[in-house]
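Colleague: Fold the following, please.
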Amino acid sequence: MRKFFSIKLKHYNNQIPLAIAKSMLIEESNLINYLWKHNALEFRYNERTSLLRCYGEPKHLTIAKLIYPHVFDTSEKMGFIELYIQRILKRKMEISKGST
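Modeller: Got it, this is the predicted structure:
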């Protein structure tokens, strides 16, 4: 397994839950989703440093990087915390639309 991506889950006073971070990475990133579908993905979390590291099998990782050169497909540079906030806002909007 080779490490290809790592994110810090604790920013300032906000701690992103580990389960939400994993599911969000799988949903938001085509590269990570490809590896997950081919059972070539492994998450490792270090509690002391609050780092979530993504590891992939070299064969599938090479293929995935050829198909999807970037982890996130956004045109502007967007961090993980911004994606998390965006996801929370989308959910609140869906909830408010459903109640009217």
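
Colleague: any chance you could map the strands in the protein?
Modeller: For the chain, the strands defined by DSSP state E cover 2-8, 10-11, 14-15, 41-46, 51-56.

Colleague: Identify whichever of these lies nearest to Leu25.
Modeller: strand 51-56 (7.1 Å; C-beta to C-beta). The way it works is simple: take the backbone N, C-alpha and C, and place the C-beta from them, glycine included.

Colleague: Now do the contacts for the residue nearest to Arg53 when sequence neighbours are not counted.
Modeller: In space, and not counting its chain neighbours, Arg53 is closest to Ser6: 4.4 Å by C-beta to C-beta, 6 or more residues apart in numbering. Applying C-beta atoms under 8 Å, 6 or more residues apart in numbering, we find Ser6 in contact with 51-54.

Colleague: Pull the most distant pair out of the residues you listed.
Modeller: Pairwise distances across those (C-beta to C-beta) peak at 10.5 Å, for the pair Leu51 and Cys54.

Colleague: what about those two, which has more around it?
Modeller: Neighbour tally, Leu51 and Cys54, criterion other C-beta atoms under 10 Å: the higher count belongs to Cys54, 24 against 14.

Colleague: I'd guessed that one sits against Asn33; true?
Modeller: No: counting by C-beta atoms under 8 Å, Cys54 sits too far from Asn33 to count as a contact (11.7 Å).

Colleague: any idea which of the strands of the chain is most buried?
Modeller: strand 51-56 (a mean of 19; mean count of other C-beta atoms under 10 Å).

Colleague: Okay, angle between it and strand 41-46 too, please.
Modeller: If you take axes from the mean of the first three to the mean of the last three C-alpha atoms, to 10 degrees, strand 51-56 sits at 160 degrees to strand 41-46.

Colleague: Who are the packing partners of strand 51-56?
Modeller: Applying 3 or more C-beta pairs under 8 Å, 6 or more residues apart in numbering; DSSP states H and E, one finds that strand 51-56 makes contact with strand 2-8, helix 18-28, helix 30-37, strand 41-46.

Colleague: Let's see that with 7 Å instead.
Modeller: strand 2-8, strand 41-46 (3 or more C-beta pairs under 7 Å, 6 or more residues apart in numbering; DSSP states H and E).
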